[in-house]
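In: what's the 3D shape of this:
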Amino acid sequence: MKIGSPIDPYKAGNLADLRASRKGAEDTGPSSVAPNVPSVQSRLASSGVNEARLEAIKAAIRNGELKVNAEVVADRLLKSVLEMLGRKH
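Out: Just a heads-up that it's a prediction; the model follows:
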């Protein structure tokens, strides 16, 4: 699973850019987020998300019934890191 591009806070300028982006995010309240909800919902609908499966997972989390296979999670995390580093596994 890849989420965006990694930010190295130790490189010149990155920390300042990160702080500026977070400051902008802090200024948004619930009223400014609400108008974006329909666009997020439409993007999810068009992304092929299985809503029934998503709801089943949410219910399992709420009920404490979700079983996580740590070995699979670790394998996929390592695979993702190797892909980001440009290496084959």
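
In: for the chain, what spans make up the helices?
Out: Ranges of helices within the chain are 14-26, 30-33, 37-46, 51-62, 70-84, based on DSSP state H.

In: Helix 51-62 and the third one, what's the angle between them?
Out: Angle between the axes of helix 37-46 and helix 51-62 is 110 degrees (criterion: axes from the mean of the first three to the mean of the last three C-alpha atoms, to 10 degrees).

In: Any regions of this structure where pLDDT drops low?
Out: By pLDDT under 70, the weakly predicted segments of the chain are 1-19, 21-35, 41, 44-45, 88-89.

In: Apply 80 and report the result again.
Out: 1-49, 87-89 (pLDDT under 80).

In: Can you tell me how far residue 68 is from residue 74?
Out: Separation of residue 68 from residue 74 (C-beta to C-beta, to the nearest Å) stands at 11 Å. For glycine as for every other residue, the C-beta is placed from the backbone atoms N, C-alpha and C.

In: Show me which of these two is the more surrounded one.
Out: Relative neighbour count places residue 74 above the other of residue 68 and residue 74, with 10 against 7, counting by other C-beta atoms under 10 Å.

In: Distance of the more buried one relative to residue 86?
Out: Between residue 74 and residue 86 the distance, using C-beta to C-beta, works out to 20 Å.
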